[in-house]
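[1] Sharing a model that was predicted from the sequence below.
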There are 2 protein chains.
Amino acid sequence: MAARLRIGIAGYGNLGRGVAAAVERCPDMELVGIFTRRDPGSIAPPRPDVPVLPWDELLAHREAVDVLILCGGSKADLPEHGPALAAHFTTVDSFDTHAKIPEYYAAVDDAARAGGHTAIVSVGWDPGMFSLNRLLGEALLPDGETYTFWGKGLSQGHSDAVRRVPGVAGGVQYTVPSEEAIEAVRSGRRPELTTRQKHRRECYVVLAEGADAAEVERAIVTMPHYFADYDTTVRFISAEELARDHAAMPHGGFVIRSGSTGAGSAQVVEYRLELGSNPEFTASVLVAYARAAARLHAAGQVGAKTVFDVPPGLLSPKSAEQLRAELL
Amino acid sequence: MAARLRIGIAGYGNLGRGVAAAVERCPDMELVGIFTRRDPGSIAPPRPDVPVLPWDELLAHREAVDVLILCGGSKADLPEHGPALAAHFTTVDSFDTHAKIPEYYAAVDDAARAGGHTAIVSVGWDPGMFSLNRLLGEALLPDGETYTFWGKGLSQGHSDAVRRVPGVAGGVQYTVPSEEAIEAVRSGRRPELTTRQKHRRECYVVLAEGADAAEVERAIVTMPHYFADYDTTVRFISAEELARDHAAMPHGGFVIRSGSTGAGSAQVVEYRLELGSNPEFTASVLVAYARAAARLHAAGQVGAKTVFDVPPGLLSPKSAEQLRAELL
C-alpha cells in the first residue's frame, strides 16, 4: 500500500472538527496536525496522537504535510490565509463568498504558481457540488433553465442577522424552500419564480429581558436584503428550547435543470442534498478534494483549481481500473 | 469566435437523430456529415445541407471531422466500430454493456493510442451521469450505501424479451421503481432491498392472432433473468393502442447515496433524472462530451477516457473564467 496522505488542518472550528472526523473515515489518509490561532492547550484533539500546534509553526511543518485543509471563514480568514498558505502548501478551502470568487481565485492562483503548489478553492456544496450540477445541467441541456433551492436548513448569515436585532438574546433562522415551487420546476414547465415564491424564512428567537416581542418581530421581518423580500415567520422560544431543539446544523437543497431536446421532449435533472450536518458534509467534500489536490500536484498541475477543473476519478481512493469495473 | 467544432455521426437510428438535434442547439458546433451502412439515399438528413454518406467513405473524411460520435448499438456495432474508428478519429460513444466495459475500454484505448487519438467511451446516463454520481457519492461519503433505481421508463432489452415470446405480436415493457423503496432510502435508514422490492415491471402486449393470453402471460412473468425475480404485470392492448400510447421513450431514475459523518449525522445525496426521451438525453450527453473530447485531444491527452477522467469544465462552451464567475 502507498504511504498515507498526510493531512493538516488550519483552523479548528465546526468545519475543522468535521474534517478531522472525515479523515478518520479514509484509510488512505492520516491527520498529522491541527494548527490554531487560539491557545493549543485549550483545544482537545480528535484523538490523543494528533498534535495541536500554534499557527506560527505552520511553515516549520511544510515537509510534514501533503495537503493543508483551510478551515477558516470566508469573510476575514481565507482572503488572507488562502494566498499566504498556497504559497507554501498544497491546499483545499471552502471560500464561499460567491461574488468574490474570481478575485480570490486570482490571488490564490498567483501565490500557488509562484510556490509551485496546487490549491483547490471554493470546495463544498455551494459553491462545490451545486456548482458542478449547475454546470452539468447547462452543458447537457443548453435549452433550459437552472433553479437552485436551499434548505430546509440553518443559515448562518441570517441567524447572525437575527441575533444583531436589539432585544434578541439568541436565535436561529431556517431557510425553507417552497414545495409548490419545487413541484412547478419538476413539472418541466420552467416557471418564472420570484424570490418570495422560492423560499420562506423561519426564525426562532429568544427575547432579551424586557424586550418588546412585537417590535422585535417587526424589525426582523422588515430587514432589507435579509428578510423583507421573503415571507418570514418569527416564533419566540425559551433559551432552553433554543439549546435543546436548534443546536444541529442541518441544511441542503436542490439544483434542478429543466430543459428540452429534439422536437420538445421535456428533460429534468435534479440534484438534491439532505444534510444532517452542514459543516460535516462540507468537510467531507474538502477531504475528497484533498486527495485530488495531492494527485494533481503530483502530476505537475500547479496553480488554483476549482471543482470544474478536477477529473472526478481523482476524488476516489480506487484506481481508474477499479472505478471502471465497479462504478461505471 | 473560434472555428466551430465539426461533428460527424456514425450510425443514424434514434440515438443518431438525437445527436443531430443536440448539435443544432450548440452554436459552437456544426454537423458535417452522417455516415450510414444503409442506402444514404433512403435517409432524410436533419437539414438539407448535411450530407448523408456511405459508411465506407468514413476514412476519406478524417480531416473534415473533429469528433466522430458513434451511434451504433452496444451488442453488435460498437465492439467492432469503437476500436476501428478510434484508430482514425477522436470519438465519443455510449457503450453500455456494463460487464464488458473493461474489455471494451482496453480495445479502444489500444487503438486510440496507436493512432494518437482521444476516445471517450461509455457516455450517457447509465453508464455516464449515474456512474459519476455513484463515484461522487462514495468518495464524499465513504461510510454509506449507494442505491440505483431505474425508471419509470421504457426498457429496450426487456421490451425485446417480451416481443420474442411466442404469441406476442408487439409490446413494450416499463421498469417502475418502487416509491416505498425510494422513500425508505431517502430516510437515511440504509435498508437492504431485494430485487423485487426495488422495481416492478409493467408489460403492454399485443397478442398475435389465435394466441392464448394466459399462456403468453405465464411465459412472460416466469421468464428467468428478465421477469421471474420481479412483480410483473401484463396488460393486453390493441396494436392501435400500442402505436398511440407507447411510442415515446421516457426513462430516468435515481442514484441515492445515504451515508453518515461525524458522530452519526445522516447525509443523503440524490441525483434524479426524469427524461421525456431517453435517446435524446443520451445524445445530449454525448454531444457535451464531444466538446470535451476535442479539448482533451488538443491538450495531447490521447487514449480512451471515461466520464471519470474528464474535468467537468471541459463540457461547457464557456471559458474557465466565465464558469467561475457565473456558475461556481
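    Right, received. Where do you want to start? Numbering: from 1, shown residues only, chains lettered A, B, ... in the order given.
[2] how near is the residue nearest to A:Ser94 when sequence neighbours are not counted to B:Ile34?
    Leaving aside its chain neighbours, A:Ser94 sits nearest to A:Gly124 (4.1 Å; criterion: CB to CB, 6 or more residues apart in numbering or on different chains). C-beta coordinates here come from the backbone N, C-alpha and C atoms, glycine included. The gap separating A:Gly124 from B:Ile34 is 44 Å, by CB to CB, to the nearest Å.
[3] give me every residue that touches A:Glu321.
    In this structure, A:Glu321 makes contact with B:Pro102, judged by CB atoms under 8 Å, 6 or more residues apart in numbering or on different chains.
[4] what about the helix or strand where A:Ile182 lies, near chain B?
    According to DSSP states H and E, A:Ile182 maps onto helix A:179-186. Yes - Helix A:179-186 reaches chain B (CB under 8 Å from any CB of the partner chain) through A:Arg186.
[5] From the contact counts, what lies against that helix?
    strand A:144-150, helix A:195-198, strand A:251-261, strand A:265-275 (3 or more CB pairs under 8 Å, 6 or more residues apart in numbering or on different chains; DSSP states H and E).
[6] Adding distance to B:Ala112, write these out as JSON lines.
    Formatted as JSON lines, the helices and strands packed on helix A:179-186 follow (distance: least, CB to CB, whole Å):
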{"stretch": "strand A:144-150", "distance to B:Ala112": "32"}
{"stretch": "helix A:195-198", "distance to B:Ala112": "46"}
{"stretch": "strand A:251-261", "distance to B:Ala112": "28"}
{"stretch": "strand A:265-275", "distance to B:Ala112": "29"}
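[7] Dump these to JSON lines, plus mean pLDDT, mean neighbour count and distance to B:Ala107.
    Formatted as JSON lines, these follow (pLDDT from 0 to 100; neighbours: other CB atoms under 10 Å in any protein chain shown; distance: least, CB to CB, whole Å):
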{"stretch": "strand A:144-150", "mean pLDDT": "98", "mean neighbour count": "20", "distance to B:Ala107": "36"}
{"stretch": "helix A:195-198", "mean pLDDT": "95", "mean neighbour count": "15", "distance to B:Ala107": "49"}
{"stretch": "strand A:251-261", "mean pLDDT": "98", "mean neighbour count": "23", "distance to B:Ala107": "31"}
{"stretch": "strand A:265-275", "mean pLDDT": "98", "mean neighbour count": "22", "distance to B:Ala107": "31"}
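[8] Show the average pLDDT along the helix holding A:Ile182.
    Helix A:179-186 comes out with an average pLDDT of 97.
[9] which parts of it are buried?
    Neighbour-count burial for helix A:179-186, with 16 or more other CB atoms under 10 Å in any protein chain shown as criterion, is recorded at A:181-182, A:184-186.
[10] Ok, stretch A:166-182 next?
    Buried residues in stretch A:166-182 (16+ other CB under 10 Å): A:167-168, A:170-178, A:181-182.
[11] Kindly report the same for stretch A:2-15.
    Going by neighbour count (16+ other CB under 10 Å), the buried part of stretch A:2-15 is A:5-12, A:14-15.
[12] Stretch A:190-207 too?
    Buried residues in stretch A:190-207 (16+ other CB under 10 Å): A:190, A:193, A:198-207.
[13] before we move on, back to that, could you work out which of the helices and strands packed on helix A:179-186 reaches nearest to A:Tyr104?
    strand A:144-150 (20.6 Å; CB to CB).
[14] what's in contact with the helix or strand just after that closest one?
    Moving toward the C-terminus from strand A:144-150, the next helix or strand (DSSP H and E) is strand A:153-154. When contacts are defined by CB under 8 Å, 6+ apart, strand A:153-154 is touched by residues A:172-175, A:246, A:248-253, A:275, A:278.
[15] could you give the angle of the helix or strand just after strand A:153-154 to strand A:251-261?
    Where DSSP H and E defines the elements, the next helix or strand beyond strand A:153-154 is helix A:156-163. Using axes from the mean of the first three to the mean of the last three CA atoms, to 10 degrees, the direction of helix A:156-163 lies 130 degrees away from that of strand A:251-261.
[16] so where do the strands sit in chain A?
    Counting by DSSP state E, chain A has strands at residues A:5-10, A:29-36, A:52-54, A:67-70, A:91-93, A:118-120, A:144-150, A:153-154, A:168-177, A:199-207, A:231-236, A:251-261, A:265-275, A:303-305.
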